[in-house]
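J.: Kindly return the folded structure for what I paste below:
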Amino acid sequence: MSLNAKPKHLRDNRFLDGTPTATDTDSDSQYDVLNIKDWRYYTLWKAGGSGTKYLYPNATGNFDSLFLMNHNLNTANATVSVEYSATGAWAGEELEALAGFTPPDDYAIIKTMTPRDAYSRIKIVTAAVTPYIGIALLGEIFTWEKYPHGNFDPNTEKIKAETNKSMAGYPLGTIVDYYEHPLNISFRRLTPSWVTNTFAAEWTHMRQLLPIAFAPDITNHPTEVYYGSLPPKFTKSMPYDPVRRSLKLTLDTIVEE
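T.: Residues are numbered from 1 along each chain as shown. Predicted coordinates for the structure are as follows:
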């Protein structure tokens, strides 16, 4: 077990660089392949049936990680892999970047692989069940400089509910509206050069309240992957202490059920 695994997140995505295409798509227009890149987990690409399917970014570029969310690939007993090509011809010259695997469940997942700079595609093979995916990211993962400071808890959950009581104060019933899963993350002793040269590009994405796929410790806890964004009216503050810098983040993430 590695005791020094640093948090990682993925927001870089080759599917944003071109117009994604799929081997086939369900005839219902709500399942368009463009749904995999719109940052909305509840819109889906769905294949036209079972078999061997490919998702193409139709763009060349760097990638070393795959993120999938709101999928049925475990239920479908799918074998998922990533292939790459120097030319994008896909005529037998392609090679395997990520060996085939079956997700352990239907929840969010990040898989890493050897970095490549090439055309890429996701391969999905199912025997009988039609696969679908809500979000697909295929790009370069971001590694934080430090591990979260203090008592970081990746499993915090807030229950938003309404409880009615009688005139005498007795509970009459409770309606659970929804669940919140805020990640409160603190970093200390970040180097100023890392903040300026490395974190700045990630902040450009995050400050637009666009989501990231965050993995606190993908080495030791590979199934702990969270998809979320900064809350509205978030204030970024990165004070010196007195040479290094610190940062507190809150990510409003999705509770998958």
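
J.: Any stretches of the chain with poor pLDDT?
T.: Along the chain, segments meeting pLDDT under 70 span 1-4.

J.: Just give me the residue closest to the centre of it.
T.: Ala213 (3.0 Å; Cα atoms, centre = their mean).

J.: now what about the helix or strand where Val176 lies, what contacts it?
T.: In this assignment (DSSP states H and E), Val176 forms part of strand 171-190. With contacts defined as Cβ atoms under 8 Å, 6 or more residues apart in numbering, strand 171-190 is touched by 7, 144-146, 148-150, 152-154, 156-166, 199, 214, 226, 228, 231, 238, 241, 244-255. To be clear about C-beta, it is placed using only N, CA and C from the backbone, and glycine gets the same treatment.

J.: Weed out the non-buried ones from these.
T.: Buried by 16 or more other Cβ atoms under 10 Å: 7, 144, 146, 148, 152, 154, 199, 214, 226, 228, 244-249, 251-254, out of the contacts of strand 171-190.

J.: List the pairing partners of the strand holding Val176 within its sheet, with orientation.
T.: strand 158-165 (antiparallel), strand 245-253 (antiparallel) (DSSP bridges).

J.: After that strand, which helix or strand is next? Please name it.
T.: Next along from strand 171-190, by DSSP H and E: helix 192-194.

J.: List of residues touching that following helix?
T.: Under Cβ under 8 Å, 6+ apart, the answer for helix 192-194 is Glu145, Tyr240, Val243, Arg244, Arg245.

J.: Show me which residues of stretch 105-123 are buried.
T.: In stretch 105-123, counting by 16+ other Cβ under 10 Å, buried: 106-113, 116, 118-123.

J.: ranges for the helices of the chain?
T.: Here the chain has its helices, by DSSP state H, at 192-194, 200-206.

J.: which other residues reach the longest one?
T.: The contact list for helix 200-206 (Cβ under 8 Å, 6+ apart) reads His9, Arg11, Phe142, Ile212, Ser229, Leu230, Lys236.

J.: quick one: buried residues of that helix?
T.: Neighbour count says helix 200-206 has His205, Met206 buried, by 16+ other Cβ under 10 Å.

J.: tell me how far it is from the chain's mean position?
T.: 16 Å (Cα atoms, centre = their mean, to the nearest Å).

J.: With stretch 143-153 instead?
T.: With Cα atoms, centre = their mean, you get 18 Å for stretch 143-153.

J.: what's the answer for stretch 142-150, then?
T.: Distance, centroid of stretch 142-150 to centroid of chain: 17 Å (Cα atoms, centre = their mean).

J.: And stretch 206-214, by the same measure?
T.: That offset, for stretch 206-214, works out to 10 Å (Cα atoms, centre = their mean).

J.: Number the chain from 301, please
T.: Sure, I'll start numbering at 301, so the last one becomes stretch 506-514.

J.: ok so, going back, can you tell me which of the buried residues of stretch 405-423 is nearest Ser327?
T.: Set against Ser327, the nearest of these by Cβ to Cβ is Ile422 (21.4 Å).

J.: Enumerate every residue touching the residue nearest to the centre of the chain.
T.: His309, Leu310, Arg311, Phe367, Met369, Ala408, Ile410, Leu437, Val525, Tyr526, Tyr527.

J.: Now tabulate those in a markdown table and tack on distance to Gly473.
T.: Converted to a markdown table, those look like this (distance: Cβ to Cβ, whole Å):
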| residue | distance to Gly473 |
| --- | --- |
| His309 | 40 |
| Leu310 | 42 |
| Arg311 | 42 |
| Phe367 | 39 |
| Met369 | 34 |
| Ala408 | 33 |
| Ile410 | 40 |
| Leu437 | 41 |
| Val525 | 35 |
| Tyr526 | 31 |
| Tyr527 | 32 |
